[in-house]
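>>> have a look at this prediction, sequence included:
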Amino acid sequence: MPSFLSDLTKVAKSNVVILLSSILGSVVTARALGPEGNGIIAGLVVYPSLFMTVGSLGIRQTVTYHLGKGIFSEAKIKTAITQIWVITAISSFFICSFLMKNLSSSGDNWMWIALALVPIPFNLFIKYNSGIFLGKNDIAVFNRINWVPSLTTSILVVILVGICSLGITGALVAACFGPLLMALILLFKHDFLRAFKFSVEYKIIKSILSLGLIYAFALLVINLNYKIDILLLDKMSSPYELGIYSKGASLTQYLWQIPMVLNTIIFARSATSSDPQEFSQKVAQLLRISIIIISLASLLLFVFADGVISIMFGADFIPSAIVVRFLLPGVIVLTVFKVMNTDLAGRGKPWISLKAMLPALFINVILNLIYIPLYGSVGAALSSTVSYTLAGLLFLYFYSKEVGIPVRVILRFSKKDFIVIYKSMERVLAKYAG
């Protein structure tokens, strides 16, 4: 438990930096560009974001699994994923540019499309290689890989958008430099240059991709469930409605930073756990704690949504408060999936998530097609919360069956549930008091 709490504290610090950086960038772009400008950015970045899921091929998860289980050496895995990266970076760039040109409402602006595409190869390189550190349980370096690009991007957003008033172009330029900086750090400081070799690691590549493609498909379905509303709003509504929705959705998704603190550790330890049943009991405990915290935070956000949005984004975004209130119930229920899916993915079983997410995605698409023409951003929020609720409940059932723990046991609260929080707070307070 002490090492778990130590890792928990490290990840929490990293996620605080990521969260504050994201909020800072979001506030600056909201106030500088207004709902319509933010809607255009949301419509532009959604395609690279989704294609990153496909292009990533589940490499990070698969590398974590292979390295955690000691299946291949670190040096050979590095070489294999570097060779995969060269192919996927090039193909992802061109395929995504074709999709954006033909599907995005801003597809006629080649400069914006190019800027939205530039981060793809760097983000892929970071994501592929971060699995190395996660597989070794090197949480400190893994955290740095996550927060450095986020902080760099937010600082540049302040400079280019807030101070220099470069608008949408400035926001897209800022998004390029964070991933570029981290990719360079990995190449030179962590000695990834040696991984570029001409001898092809066929066996390792085949093993990584055979499981990775399953991860990739599962992640694609999961991310489509989060992004399909933005894709359909981009096609069926206005940039204003998309801007209102994207800010409301981003505010609720900040709540998921709570289980995300746990997810990194859960995945890494699930991949190396010698007693999966005992570990799943700990994951269930962490789920119950997350639900309590997120429910309390959601209640506060529901009550004070108007004031929070007005302070953060400005009066023009007040309609986003309705979006927030419609999304919150689904966000709470989907916490089940956010926490527990990482356990099964760490065991090399990503396909379990598809049993819950495919039906939820189907419902999400149908409801969006019905409600977006009628209610715009509010219709998208209603569709998403129904989909999230269905996905969370279905996954709870399938997880229970997979790990052999009854649903009533997973959701049964006890005093022991708060030991993790208490000891973590005690550890942090002792550290800073000292």
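Good, I have the coordinates. Numbering: from 1, shown residues only.

>>> can we go C-alpha only for contacts and neighbour counts from here?
Will do.

>>> test my guess that residue 325 contacts residue 304.
No - between residue 325 and residue 304 there is no contact under C-alpha atoms under 8 Å: 10.0 Å.

>>> which one's more surrounded, the two?
Legend: neighbour count by other C-alpha atoms under 10 Å for residue 325 and residue 304, higher for residue 325 (24 against 12).

>>> and the spatially closest residue to that one that is not a sequence neighbour, how many residues sit next to it?
If you skip the residues right next to it in sequence, residue 325 has residue 302 as its closest partner in space, 5.5 Å away by C-alpha to C-alpha, 6 or more residues apart in numbering. Residue 302 has 20 neighbours, counted by other C-alpha under 10 Å.

>>> with residue 94 instead?
For residue 94, the neighbour count with other C-alpha under 10 Å is 11.

>>> now residue 329: which helix or strand?
Using DSSP states H and E, residue 329 falls within helix 320-346.

>>> what's that helix packed up against?
Counting contacts by 3 or more C-alpha pairs under 8 Å, 6 or more residues apart in numbering; DSSP states H and E, helix 320-346 is packed against helix 59-68, helix 239-253, helix 257-272, helix 276-313, helix 377-403.

>>> residue 17 is nearest to which of the ones you listed?
Evaluated over those, closeness to residue 17 peaks at helix 257-272, with 11.0 Å, by C-alpha to C-alpha.

>>> and the pLDDT at the closest residue to residue 308 other than its chain neighbours?
Using C-alpha to C-alpha, 6+ apart and skipping the chain neighbours, the partner closest in space to residue 308 is residue 301 (7.7 Å). What the model reports as pLDDT for residue 301 is 93.

>>> repeat for residue 355
pLDDT, read off for residue 355, is 90.

>>> surely residue 396 is in contact with residue 337?
Yes - with contacts counted by C-alpha under 8 Å, residue 396 reaches residue 337, the gap being 7.2 Å.

>>> could you pull out the buried residues of stretch 315-331?
By neighbour count on 16 or more other C-alpha atoms under 10 Å, the buried set for stretch 315-331 is 317-331.

>>> state the phi and psi torsions of residue 376.
phi 60, psi -130 (degrees, to the nearest 10).

>>> how about low-confidence regions in the stretch 51-200 of the chain?
53-58, 61, 65-66, 68-70, 107, 134-140, 189-191, 195 (pLDDT under 70).

>>> which residues of it fall in strands?
With strands called from DSSP state E, counting those that start in this stretch, the stretch 51-200 of the chain shows none.

>>> tell me where it has helices.
Applying DSSP state H, counting those that start in this stretch to the stretch 51-200 of the chain gives helices spanning 59-68, 74-103, 110-117, 119-135, 139-157, 167-188.

>>> can you redo the ones you listed as CSV with distance to residue 31?
Conversion of these to CSV gives the following (distance: least, C-alpha to C-alpha, whole Å):
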stretch, distance to residue 31
helix 59-68, 36
helix 74-103, 26
helix 110-117, 20
helix 119-135, 24
helix 139-157, 12
helix 167-188, 11
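
>>> ranking the ones you listed by burial, who's on top?
Neighbour counts averaged per stretch over those are highest for helix 59-68, at a mean of 27; criterion: mean count of other C-alpha atoms under 10 Å.
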